[in-house]
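Enquirer: The following block contains a protein sequence and its predicted model.
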Amino acid sequence: MNATTNVSFDLSNKIALVSGGSRGIGKSICKALAAHGAHVIVASRKAADCEQVAEEIRQEQGSAEAMACHIGDMENIESVFEAVERKHGRLDILVNNAAANPYFGHITDTDLAAFNKTIDVNIRGYFFMSSIGIKLMAKNGGGSVINVASINGVKPGALQGIYSISKAAVISMTQAFAKECASMGVRVNALLPGLTDTKFASALVKNDEIRETVLKDVPLNRVAQPYEMAGAVLYLASAASSYTTGSCITVDGGYLS
């Protein structure tokens, strides 16, 4: 098979940073990237939780390290990329997965604290993680950014108003960065997960009434598992998606179809 037709998911010698990598979808993404050869920087607010995932990866013969990262803190964002550049000299893959969803209720009852936290993490955090990360990628010829958005960004979830609004912004942000950063050698895409069995989504998954209401509109008629999101990220991170940028890959069991 010649080079022009070879589809490769190999990530050997790639440096990948995954925010929110200590559990749920983020943890599955970390393990998938490492299994295909990337050195994975598992990032989240609690360094001990990140180290646990990194150690699991190392026990599975992968390469990983832990790094504390709170994407709602601008100084922390800057220090993280400084540390990555100082230690590795490059960044090839950035997965913006960390997110906040502090409020569940009627949209008109959203208080300022919940509003600010959601915006600071889900919009401002993603924006500056991408902005600083892309500049580092460009120094070494480019890379791939994957934003974990949500189907709520397309069809707002009931009682999840500000979260849904923030994820719609992530979709727009993905497209804006994709257009302006292609010339820098950086591709920017998004993953839109459907209802997934994680601690983050436990308010929905563990509520029988809400879960069954959602599943009525899911053709596959079940909640996803975190590992089922990792394949799409692997595709977007690898050379297999070399002509893909500004795209949103929906992994939702058919909910939006």
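Expert: Sure, I can see it. On a predicted model such as this, the values are computed, not experimentally measured, just so you know. Numbers count the residues shown, from 1 in each chain.
Enquirer: From here on, just use CA atoms for contacts and neighbour counts.
Expert: Will do.
Enquirer: Any chance of the backbone angles for Ser44?
Expert: phi -170, psi 180 (degrees, to the nearest 10).
Enquirer: So it is in contact with Arg23, correct?
Expert: No: Ser44 lies out of contact with Arg23 (CA atoms under 8 Å); the separation is 9.1 Å.
Enquirer: from memory Leu17 sits against Ala43, does it?
Expert: Yes: counting by CA under 8 Å, Leu17 does reach Ala43; the two are 6.9 Å apart.
Enquirer: Quick one: residues in contact with stretch 123-143.
Expert: Contacts of stretch 123-143 with the rest of the structure, by CA atoms under 8 Å, 6 or more residues apart in numbering, involve 71-74, 77-78, 81, 85, 90-94, 96, 145, 147, 166-167, 169-170, 173, 181, 184-187.
Enquirer: Low-confidence bits of the stretch 1-150 of the chain, can you list those?
Expert: Scanning the stretch 1-150 of the chain for pLDDT under 70 picks out 1-5.
Enquirer: Do you have the helices of the stretch 51-200 of the chain handy? List them.
Expert: 74-88, 112-119, 126-138, 161-181 (DSSP state H, counting those that start in this stretch).
Enquirer: Does anything pack onto the first one? Which helices or strands?
Expert: So that's helix 74-88. helix 126-138 (3 or more CA pairs under 8 Å, 6 or more residues apart in numbering; DSSP states H and E).
Enquirer: Quick check on the contacts of stretch 123-143: which are buried?
Expert: 71-72, 74, 77-78, 81, 90-94, 96, 145, 147, 166-167, 169-170, 173, 181, 184, 186-187 (16 or more other CA atoms under 10 Å).
Enquirer: sorry, back to before: so which of the helices of the stretch 51-200 of the chain gets nearest Ser257?
Expert: helix 161-181 (17.6 Å; CA to CA).
Enquirer: Give me the contacts around stretch 147-162.
Expert: So stretch 147-162 is contacted by 95-97, 103-107, 110, 115, 118, 126, 163-171, 174, 188-194, 250, 252, 256 (CA under 8 Å, 6+ apart).
Enquirer: of the residues you listed, buried ones?
Expert: Using 16+ other CA under 10 Å, the buried members of the contacts of stretch 147-162 are 95-97, 103-104, 110, 115, 118, 126, 163-171, 174, 188-194, 250, 252.
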